[in-house]
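A.B. asks: How does the following fold in three dimensions:
(2 chains)
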Amino acid sequence: MALKFEKSGEGTYMLDVCGYVCPHPQIYTKKSLEKMAEGEIVEVYIDNPSSVETIEQMCSQAGHEILEKRTEGGKIIIKIEKG
Amino acid sequence: METTDSVDIKAVGKDDRAIERRNTFWVFFILGALVLISLIYAGVNIYYTYLVVYIWFGLAYGMMLQAGRFCMASASRDLFAAGVPRMAVGIMVALIFFSLVQAILHATDMSTFHPAPFGIHMTISGIIFGIGMVLAGGCASGTLYKVGEGNGTSMLGLFGICFGQAIFVIAGGPLRALLPESWIKASEATIAARGIPAEYAQSWFDVYLTGYIWQKPVYQISQLSFVKNHFKGASAYFVGDALINSIIPAIVLLLIIYALYVRKGFIKKVRKKKGGSGLGDELRGFWGMITASQRTTLMGVLVGITAGLHIWVLAGMQKKFAITNFGQLLTKMGHPEDVSLFGTVFDPGYWYITSQEAQFAAWVMEKLGIDMRHNIFFGVNNGIPELWRNPALWMSIGIILGAMVMSLINKEFKWKAPKGELIVFGLLGGFLMGMGSRPSLGCNVGAFFIRVAGGDPNGWLYFVGMATGAFIGVKFFNWYTERKMAKQMEAF
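C.D. replies: Numbering: from 1, shown residues only, chains lettered A, B, ... in the order given. Sure, this is the predicted structure:
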């Protein structure tokens, strides 16, 4: 388990918080969005389902858009565009 | 929020079907085992059906807690750290419903509730507990349901809660030297008056209980003269305990949460769309906050009603068996070694989390040769029953298994070993929760939720402490995560 926050391309980032449990995934997601500019996109990799619900509500309230949510081998991947 | 589930999160593939089959097997296995255990208990002695009630209510709590992600640590840290109010809202909704059920039970003389000694110790204890729950990633009940989901950090948290309490209540030495002389004198007088041998009041916690806690007054709003004089009979419970002590403060808190965390974003959207906003929009915003997470709110309602039913069923069983404590039945069944000096065991009569876990740790420590009987907490109040004859411990086991069943059904069960800093956070948080639940005689459930709904203003003192502690914990996490993110961004 190791936190990863990487720039994956121009205006795109990857945040891997697999292995972390509440409250870490949602706090790291919030922190990464704070570091990004409006319109930039982050793909968050999580394996803690209850954090996903908090992140969804957090994005809804803050005006960030969830572009995609999918599962890959037990991981949940959320693609968020900073609003 | 628009969500494009390009690949459905619950898509059923080949692997998913195998997981589903395996999970179904374990769900039936757990439920079958509990049915079998219940039948064995009832067959051995009808008195054990009292214990069986705890098992099944525990299972129900566990299923609801997991389904609603019901956790007071989540409530405070999601609010303070992410500005997400769904869990805090769910807890307030649960409190409102539970207070009404409690009032009905009081009015019909079917309540097992009793208020606790009132004082600032509640807030101090709450602060320690609040810091601990944020570090461990779950409150006392949240930790149990997360253990049921296979969360290893929560298992360490549970270990900390169990042993943190047991060590805390028997510790003597330097801690005792810090005690005020007035407490020591009051303790000596109290134990003499109650016929408790002096060797039972040697630890610092023994003196704290007998010399401080037992001297404090207890309050229940419905029993205060200004309520009793104006509201006769059963109405005092509904007005005093439910309305004044629970519903009005819960609504005020919901309004504060709305004003601080939801209103700004909601009204901004409304004004952008309509060019202005009015009272109707405010009410829609408030209601939208309540219903934002329907699952959590619904579970809040169900938890509140179930907690009330639990009290009703146990009060009925106590009447049927003509007892006030399960220790009386254990003595009748020939197990005097399980009970305390006065023949009692820990038998709260309602939803409660921590004391039974302290008993579990005491049971283990006793097997290791440590004297756990000569103290007030275990020796005089709660006893140390064999694990399989401990009613409240079965409730905790039921909560874990209930959460496991629900997470298996929802395909959310996953063994997750604790690693890195989570080991330290889990253990430290658990120990702090253990220590923070003893001076207050309960945790987020026993010291806050049950007490507030029962009309005891003490619960709010604990709430203030818990929220303060959680705020401190979140501040720490913010600092910690900021540091880690900064390291990650060095490479950008």
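A.B. asks: What parts of the stretch 301-450 of chain B come near chain A?
C.D. replies: Counting by C-beta under 8 Å from any C-beta of the partner chain, the residues of the stretch 301-450 of chain B close to chain A are B:Glu412, B:Lys414, B:Lys416, B:Lys419, B:Gly420, B:Leu422. C-beta here means a position set from N, CA and C on the backbone, and glycine is covered the same way.
A.B. asks: so what's the first one closest to, chain neighbours aside?
C.D. replies: Looking back up the chat, that one is B:Glu412. A:Pro49 (4.9 Å; C-beta to C-beta, 6 or more residues apart in numbering or on different chains).
A.B. asks: That neighbour contacts B:Lys416, correct?
C.D. replies: No. In this structure, A:Pro49 is not within contact of B:Lys416 by C-beta atoms under 8 Å, at 11.3 Å.
A.B. asks: So which of those two has more stuff around it?
C.D. replies: A count of neighbours by other C-beta atoms under 10 Å in any protein chain shown puts B:Lys416 above the other of A:Pro49 and B:Lys416, at 22 against 16.
A.B. asks: In this structure the more buried one contacts B:Ser154, no?
C.D. replies: No. Applying C-beta under 8 Å, one finds B:Lys416 not in contact with B:Ser154, separated by 9.1 Å.
A.B. asks: got a list of contacts for the worst-scoring helix or strand of chain A on mean pLDDT?
C.D. replies: Ranking every helix and strand in chain A by mean pLDDT, DSSP states H and E puts helix A:49-62 at the bottom, with a mean of 87. Contacts of helix A:49-62 from elsewhere in the structure, counted by C-beta atoms under 8 Å, 6 or more residues apart in numbering or on different chains, are A:17, A:20-26, A:29-30, A:33, A:44, A:46, A:64-66, A:69, A:76, A:78, A:80, A:83, B:1, B:3, B:69, B:74, B:78, B:82-84, B:86, B:261-262, B:265, B:292-293, B:412.
A.B. asks: any idea which helix or strand comes after that helix?
C.D. replies: Sequence-wise, the next helix or strand downstream of helix A:49-62 (DSSP states H and E) is strand A:65-72.
A.B. asks: what bits of the chain have low per-residue confidence?
C.D. replies: Looking at chain A here, since you left the chain open. Along chain A, segments meeting pLDDT under 70 span A:1.
A.B. asks: switch to chain B, that's the one I care about
C.D. replies: B:1-14.
A.B. asks: Determine which residue of it is most distant from the centre point.
C.D. replies: Most distant residue from the mean C-alpha position of chain B: B:Gly275, 45.3 Å away (C-alpha atoms, centre = their mean).
A.B. asks: Phi, psi for that one please.
C.D. replies: Main-chain torsions, B:Gly275, degrees, to the nearest 10: phi 90, psi 0.
A.B. asks: Contacts only, for it.
C.D. replies: The contact partners of B:Gly275, by C-beta under 8 Å, 6+ apart, come to none.
A.B. asks: and it, how far is that from B:Ile267?
C.D. replies: Using C-beta to C-beta, to the nearest Å, B:Gly275 is found at 12 Å from B:Ile267.
A.B. asks: Could you check which helix or strand contains the closest residue to B:Arg451 other than its chain neighbours?
C.D. replies: Nearest non-adjacent residue to B:Arg451, counting by C-beta to C-beta, 6+ apart: B:Gly459, 3.4 Å away. Using DSSP H and E, B:Gly459 sits in helix B:458-489.
A.B. asks: How far off centre is that helix?
C.D. replies: Centre-to-centre, helix B:458-489 and its host chain are 19 Å apart (C-alpha atoms, centre = their mean, to the nearest Å).
A.B. asks: which other helices and strands contact that helix?
C.D. replies: Packed against helix B:458-489, as judged by 3 or more C-beta pairs under 8 Å, 6 or more residues apart in numbering or on different chains; DSSP states H and E, are the following elements: strand A:4-9, helix A:24-35, helix B:72-77, helix B:121-136, helix B:450-453.
A.B. asks: And for the second one, what's in contact with it?
C.D. replies: It stands for helix A:24-35. Helix A:24-35 is touched from outside by A:3, A:5, A:13, A:15, A:17, A:20, A:42, A:44, A:46, A:48, A:51, A:54-55, A:58, A:62, A:64, A:80, A:82, B:78, B:81-82, B:84, B:137, B:422, B:477-478, B:481-482, B:484-485, B:489, with contacts defined as C-beta under 8 Å, 6+ apart.
A.B. asks: rewinding a little: joint contacts of A:Pro49 and B:Lys416?
C.D. replies: Common contacts of A:Pro49 and B:Lys416 (C-beta under 8 Å, 6+ apart): none found.
A.B. asks: neighbours of residue 31, just the number please.
C.D. replies: All of this refers to chain A. By other C-beta under 10 Å, 20 other residues sit near A:Lys31.
A.B. asks: switch to chain B, that's the one I care about
C.D. replies: B:Leu31: 14 surrounding residues under other C-beta under 10 Å.
A.B. asks: That one: which element?
C.D. replies: Assessed by DSSP H and E, B:Leu31 sits inside helix B:14-44.
A.B. asks: sorry, back to before: any chance you could list residues touching both of B:Lys416 and B:Ser154?
C.D. replies: Each of A:Val21 lies in contact with both B:Lys416 and B:Ser154 under the rule C-beta under 8 Å, 6+ apart.
A.B. asks: where does B:Glu412 fall, phi/psi-wise?
C.D. replies: Dihedral angles (degrees, to the nearest 10) for B:Glu412: phi -110, psi 0.
A.B. asks: Find the nearest non-adjacent residue to B:Asp347, please.
C.D. replies: Computed as C-beta to C-beta, 6+ apart, the closest residue to B:Asp347 that is not its neighbour in sequence is B:Phe326, at 4.2 Å.
A.B. asks: do B:Ala60 as well
C.D. replies: B:Ala60 sits nearest to B:Thr306 (C-beta to C-beta, 6+ apart), 5.5 Å away.
A.B. asks: Might one say that that neighbour is in contact with B:Met64?
C.D. replies: Yes. The criterion here is C-beta under 8 Å, and B:Thr306 meets it with B:Met64 at 6.7 Å.
A.B. asks: if we look at the one helix or strand B:Ala192 maps to, which residues are touching it?
C.D. replies: Secondary structure from DSSP H and E places B:Ala192 in helix B:181-193. The contact list for helix B:181-193 (C-beta under 8 Å, 6+ apart) reads B:196-198, B:200-201, B:206-208, B:210-212, B:214-215.
A.B. asks: Tell me the buried residues within the contacts of helix A:24-35.
C.D. replies: Among the contacts of helix A:24-35, those classed as buried by 16 or more other C-beta atoms under 10 Å in any protein chain shown are A:3, A:5, A:13, A:15, A:17, A:20, A:42, A:44, A:46, A:48, A:51, A:54-55, A:58, A:62, A:64, A:80, A:82, B:78, B:81-82, B:84, B:137, B:422, B:477, B:481, B:484-485.
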